[in-house]
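>>> Provided below for reference: sequence and predicted model.
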Amino acid sequence: MNTSTTILDLPENISIADKYRYWYDFMENEVSFNREDSPLHARPHCRRVLFLALKLSEKMGLTEREKDILCLAAVFHDSRREDEGLDKGHGLRAAEYYGHYCTVNNLPFVPEVHLICAYHDHDDSEGIADITHLIENAEGCIRLYRVFKDADALDRFRLGPNGLDVRFLRNAQALELVETAKEMLPRSEFR
């Protein structure tokens, strides 16, 4: 691959390139991060989760609306972290930031984005139980929650070569992206 070619120029990624670039630009221009300098949870991580969410969405045949929900969750989900540890509650803080952003900018609030962000830092059983009680279309939201958690988990290679335990992936299609996730880590600045 020559130096002017990015991962988005590869034939297998052209179908997601425009949507990725749209949400990448949105994140760069609209989303602030509490810890801009975070080596583990700032923009580079969110870029990779965005990419992986789109790849997983494509493999799973999700609708454009579902893809946009996952993209919004990807760009906001770690924006309100306060430390590099578990930081339980950063998901809820990110969800509240997302809601505030929608209000201030007079944009439609999407409950699924709020719930995915709010519960992405919880154990699945807890997140699913709460989502079930908080939204009418719980089944659809739970499906997206699981997809998002897989996209986020696939970027665990940033924690080291053994950072991802594939036994915890929720969707079979996520297993198909393990090598992609491993290979893309050094190219996290792609556009």
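Yep, it's here. Residues are numbered from 1 along each chain as shown.
>>> quick one, what contacts the closest residue in space to Cys117 that isn't next to it in sequence?
The shortest distance from Cys117 to any non-neighbouring residue, by Cβ to Cβ, 6 or more residues apart in numbering, is to Ala95 (4.0 Å). For every residue, glycine as well, the C-beta is placed using N, CA and C. Ala95 makes contact with 76, 113-115, 117-118, according to Cβ atoms under 8 Å, 6 or more residues apart in numbering.
>>> any chance of those in a markdown table, plus distance to His41?
Formatted as a markdown table, the contacts of Ala95 follow (distance: Cβ to Cβ, whole Å):
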| residue | distance to His41 |
| --- | --- |
| Phe76 | 12 |
| Val113 | 18 |
| His114 | 19 |
| Leu115 | 20 |
| Cys117 | 13 |
| Ala118 | 16 |
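>>> of these, which is the most crowded?
Most neighbours among the contacts of Ala95, by other Cβ atoms under 10 Å: Cys117, with 29 neighbours.
>>> hmm, Ala94 and that residue touching each other?
Yes - between Cys117 and Ala94 there is a contact under Cβ atoms under 8 Å: 4.6 Å.
>>> common neighbours of the two, please.
Common contacts of Cys117 and Ala94 (Cβ under 8 Å, 6+ apart): 76-77.
>>> show me where pLDDT drops low in this structure?
Scanning the chain with the threshold set as pLDDT under 70 gives 1-4, 186-191.
>>> tell me which element the spatially most central residue of it falls in.
The chain has Ala74 as the residue nearest its centroid, 2.9 Å off, counting by Cα atoms, centre = their mean. Assigning secondary structure by DSSP states H and E places Ala74 in helix 64-76.
>>> what are the ranges of the strands in the chain?
Taking DSSP state E, the chain contains no strands at all.
>>> helices of that one, start to end?
Ranges of helices in the chain, per DSSP state H, are 14-30, 43-60, 64-76, 90-104, 111-119, 124-134, 138-154, 172-175, 178-184.
>>> and the ones you listed as CSV, adding distance to Glu84?
CSV is the format used below for these (distance: least, Cβ to Cβ, whole Å):
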stretch, distance to Glu84
helix 14-30, 20
helix 43-60, 11
helix 64-76, 18
helix 90-104, 11
helix 111-119, 18
helix 124-134, 21
helix 138-154, 15
helix 172-175, 24
helix 178-184, 20
